[in-house]
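In: Provided below for reference: sequence and predicted model.
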Amino acid sequence: MAYRLISLCLLLLNLSSCAQSQEFNAKESWQAFVQTVEDNYAYLNTAPTDWNALKAYYEPAATAATSQDEFVDVLQVVKQFFIDPHFNVSPLNEADYSVTPTGSDIWVEQRNNQFVITRIKAGSAAAKSTLAVDDVIVSIDGKPVEAAINDVFGNTSLPLSQAHKTWAVNVALGGRRNQARSVEVISDSDTTKNVQLAASYEAINQLRTKAPLVVSKQENVGYIRFNNNLGNAETVTAFEEAIEMLVETEGLVIDLRNTPSGGNTGVAEPILGHFVNTKTAYQGYKIQTAEQTYQEAELQTAYITPTTPYYGKPVVVLVGHWTGSMGEGMAIGFDAIGAKAVMGTPMADLLGGINQFQLPNSSITVELGFERLYHVNGTYREDFVPEAVSFEEHTASDPELYAALRLLKAI
């Protein structure tokens with residue numbers, strides 16, 4: 001869901017109004033941050049961290065901050081514990097890490113106490129390098145893996161789970177904002193190599209100069225790939241034109257694997273509308289507020305209405321680690337309205353629909369998932385598992401696209 005800016009005016013001790021003060025107050029800002037999370041974060045009860053322990057550990061550092069920048073640096077570490085790409089704190093500077101997954105082009109998983117590359121984002125700086133799937137990470141920007149993990153978590157003495165460590169390596173691989181990176185790996189031939197990479201944002205920023213969609217046809221199957229533009233109203237028109245061009249095909253592949261920045265329902269719903277001929281449910285949601293937790297809220301249903309032209313042939317949807325937020329919403333939406341298959345790897349897990357809250361007496365904003373999102377079958381959106389494609393089946397350069405085309409041509 002699209003987010004809106006909310007001015008947060010909390011009634012705190014010794015704070016009689018929401019008027020901006022002339023001087024940043026770290027103690028008041030910490031209290032406001034804690035209250036914001038507890039009142040509005042619909043994923044706090046399932047967070048992979050002990051919130052009470054986290055508060056107790058970081059309160060001294062946060063309240064001792066002598067400037068807004070120093071305070072934000074503390075929150076930048078705190079938010080990493082949630083392993084939620086939708087949990088963000090601003091303003092950012094060049095010393096901060098790129099925002100995952102938008103500023104990310106390498107994905108690793110842990111195997112036998114090593115961090116191994118499992119995916120490389122198509123069209124990225126990493127994809128144009130000599131890095132390869134199954135390479136083992138040795139160092140990032142000249143620092144051994146453990147040191148890189150410690151940097152992401154601010155050299156904390158709190159215990160880090162394996163999930164936290166894997167998340168930290170993925171964040172570190174994205175690099176600092178707008179800065180070039182170096183990654184040292186051991187390849188499957190036991191060769192060590194140091195690879196220099198451009199800033200991770202460069203490739204994603206270049207998409208702004210390109211067409212909203214990649215549209216093609218293979219034999220009698222259509223293909224539409226999004227260029228990270230689910231927040232751009234022009235995408236709706238471009239998609240309509242694509243459907244008009246492909247409406248006579250016998251099947252269609254919808255590629256959502258390059259939507260890391262998400263988008264909004266104003267773009268997603270009319271696109272989904274091309275695949276229904278009656279008003280149809282595509283996702284559910286519960287909204288958390290300071291007055292009511294999401295558990296107490298009523299489950300509401302989001303619907304799509306038909307958009308012309310209608311496409312009624314079989315559809316296969318491709319998703320992956322760089323399918324984020326509204327891309328994830330579209331994936332479960334396609335599944336709900338009867339896609340032949342949703343295929344690929346687990347998605348980015350940008351949790352919920354977000355609001356942006358501003359802390360009082362500062363320019364600090366906190367983005368949180370205040371809206372708990374659901375598949376129409378009642379399961380959480382983040383629990384949706386796409387159909388996996390085995391890389392062992394064939395040597396195609398894009399196994400998932402190959403599998404999707406094969407499925408559609410077999411119908």
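Out: Received the coordinates, thanks.

In: Distance from the chain centre to stretch 106-115, please.
Out: Distance of stretch 106-115 from its chain centroid, counting by C-alpha atoms, centre = their mean, to the nearest Å, is 19 Å.

In: Ignore what I typed, I meant stretch 35-46.
Out: Centroid separation for stretch 35-46 versus its chain: 18 Å, with C-alpha atoms, centre = their mean.

In: Just the buried positions in it, please.
Out: 35-37, 39-44 (16 or more other C-beta atoms under 10 Å). Every C-beta, even on glycine, is put in place using the N, C-alpha and C of the backbone.

In: What is the nearest of those to Asp105?
Out: Lowest distance from Asp105 to the buried residues of stretch 35-46 (C-beta to C-beta) belongs to Tyr43, with 25.8 Å.

In: show me the contacts for that closest one.
Out: Counting by C-beta atoms under 8 Å, 6 or more residues apart in numbering, Tyr43 touches 82, 84, 351-352, 369, 372.

In: Any of those residues buried? List them.
Out: 82, 84, 351-352, 369, 372.

In: Just the ones of those residues in strands?
Out: 369, 372 (DSSP state E).

In: so which of the buried ones among the contacts of Tyr43 comes closest to Leu160?
Out: Out of those, the member with the shortest distance to Leu160 (by C-beta to C-beta) is Phe82, at 13.0 Å.

In: how far away is the closest residue in space to Thr249 that isn't next to it in sequence from Pro314?
Out: Excluding the flanking residues, the one nearest Thr249 by C-beta to C-beta, 6 or more residues apart in numbering is Gly222, at 4.2 Å. To Pro314, Gly222 is 11 Å away according to C-beta to C-beta, to the nearest Å.

In: quick one: which of the two has more around it?
Out: The residue with more neighbours, out of Gly222 and Pro314, is Gly222; 24 against 17, by other C-beta atoms under 10 Å.

In: how about the strands in the stretch 151-300 of the chain?
Out: Taking DSSP state E, counting those that start in this stretch, the strands of the stretch 151-300 of the chain run over residues 181-186, 192-197, 213-218, 221-226, 251-255, 280-287, 300-304.

In: mean confidence for the fourth one?
Out: Predicted confidence along strand 221-226 averages 98 (mean pLDDT).

In: what helices or strands is it leaning on?
Out: Packed against strand 221-226, as judged by 3 or more C-beta pairs under 8 Å, 6 or more residues apart in numbering; DSSP states H and E, are the following elements: strand 213-218, helix 234-246, strand 251-255, helix 399-410.

In: quick one, which of the ones you listed is nearest to Asp141?
Out: helix 399-410 (30.6 Å).

In: Give me the helices and strands touching that closest one, please.
Out: Where contact means 3+ C-beta pairs under 8 Å, 6+ apart, helix 399-410 is packed against strand 221-226, strand 251-255, strand 315-319, strand 341-344.
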